[in-house]
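> predicted model, plus sequence, below.
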Amino acid sequence: MSSVNVIGQQPQSTYQVKPGDTMARIALDHGIAPRDLVAWNAVDPNQLVVGQILSLTPPSGFVAQNSTANPSTSAPISLPPSFIWPINGRVLTGYTEASRGIDIEGGRDEPVQASANGVVVYSGNSLKGYGNLIIIKHDNTYLTAYANNSKLLVKEGDKVSKGQKISEIGSGEPNTQNLHFEIRVNGKPVDPLPYLNGTVTAIKASTAPKVATSMEDYKNKCKELGFKSGTEDFGKCVLQLSK
């Protein structure tokens, strides 16, 4: 019997509050819904103290509000979609923790295709540093992001098929036409190359309960959390809740 190659890093379990931190920013930076982080730590999000230690995982026995999911002792295995390259071109910039993805060289207005079947959960330009951006949700584990576009051809809520034209390439940095491409697994950026090359066979799937069922629900939740519509943090909140 052949073995299954399961990859993935252990998530960070605690975080020490630094000057300038907010509860929302900490949550979003660690792939957690802000409301969950508040609930797990039973703290006032407006009264954080520098040096304070926050738990990034739910306490023992914690059950999310409105969740009917049964607790599991181990995360299930998730088979990744069969990702294809969004454009044909050489990789200009490889994956790092800072870049969160790869930059693929292309021509101005060259078509960009969906890397796998999915639903568009974001189409816009409110996230600083990404330009015109499309995010596609493939299942509860996998997201892909396509940035530096000159034109967006799909909108939020659209179902897309692998290979479907979703955008056209714009200008990247430095002074090149390129696509910035990311794959996120359980909300965390990963190196897209092993997935594009088909060398990842499986990863541990997320067991986090869903807290909303539509894009409008996600937007309303973010408004309730105090994010202003149209801002960078509002866009990040919506993307995080949709994962």
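Received it, and whenever you're ready, just let me know what you need.
> the helices in the chain, which residues?
Using DSSP state H, the helices of the chain run over 23-29, 34-41, 192-196, 215-224, 232-241.
> just give me the residue right at the centre of the chain.
By CA atoms, centre = their mean, the chain has its centre lying nearest to residue 187, at 4.3 Å.
> out of the helices of the chain, nearest to residue 155?
Nearest to residue 155 among the helices of the chain is helix 215-224; the distance by CB to CB comes to 10.1 Å. Every C-beta, even on glycine, is put in place using the N, C-alpha and C of the backbone.
> need the winner for burial among the helices of the chain.
Each of the helices of the chain was scored by mean neighbour count; the highest is helix 232-241, a mean of 21, by mean count of other CB atoms under 10 Å.
> may I see the buried residues of stretch 97-108?
Going by neighbour count (16 or more other CB atoms under 10 Å), the buried part of stretch 97-108 is 100-106.
> send me that stretch as PDB with only the CA atoms.
Extracted in PDB, the C-alpha atoms of stretch 97-108 (Å, rounded to 0.1, in the frame of the first residue of the first chain):
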ATOM      1  CA  GLU A  97       7.100  34.500   4.100                       C
ATOM      2  CA  ALA A  98       7.200  38.100   3.000                       C
ATOM      3  CA  SER A  99       5.900  37.600  -0.500                       C
ATOM      4  CA  ARG A 100       3.300  35.000   0.400                       C
ATOM      5  CA  GLY A 101       3.200  33.800  -3.200                       C
ATOM      6  CA  ILE A 102       5.100  33.900  -6.500                       C
ATOM      7  CA  ASP A 103       5.300  36.400  -9.300                       C
ATOM      8  CA  ILE A 104       4.900  34.900 -12.800                       C
ATOM      9  CA  GLU A 105       6.000  36.900 -15.900                       C
ATOM     10  CA  GLY A 106       3.500  37.600 -18.500                       C
ATOM     11  CA  GLY A 107       2.400  40.100 -21.200                       C
ATOM     12  CA  ARG A 108       0.300  43.200 -20.600                       C
END
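> got a list of contacts for it?
With contacts defined as CB atoms under 8 Å, 6 or more residues apart in numbering, stretch 97-108 is touched by 85-95, 112, 145, 147-148, 150, 169-172, 176-183, 189, 191-193.
> how close does residue 104 get to residue 55?
Residue 104 sits 38 Å away from residue 55, going by CB to CB, to the nearest Å.
> my bad, residue 17
Using CB to CB, we find residue 17 at a distance of 12 Å from residue 55.
> distance of the residue lying closest to residue 21 once chain neighbours are set aside from residue 30?
Distance criterion CB to CB, 6 or more residues apart in numbering; nearest residue to residue 21, sequence neighbours excluded, is residue 48 at 6.2 Å. In this view, residue 48 and residue 30 are 15 Å apart by CB to CB.
> ok, now residue 88?
Counting by CB to CB, the gap from residue 88 to residue 30 is 35 Å.
> what's the mean pLDDT across the strand with the most length in the chain?
Using DSSP state E, we find that the single longest strand of the chain is strand 142-152. For strand 142-152, mean pLDDT is 92.
> likewise for stretch 55-75?
pLDDT averaged over stretch 55-75 gives 55.
> burial count for the closest residue to residue 26 other than its chain neighbours?
Counting by CB to CB, 6+ apart, residue 26 lies nearest to residue 15, which is 6.0 Å off, once chain neighbours are set aside. For residue 15, the count of nearby residues is 19 (other CB atoms under 10 Å).
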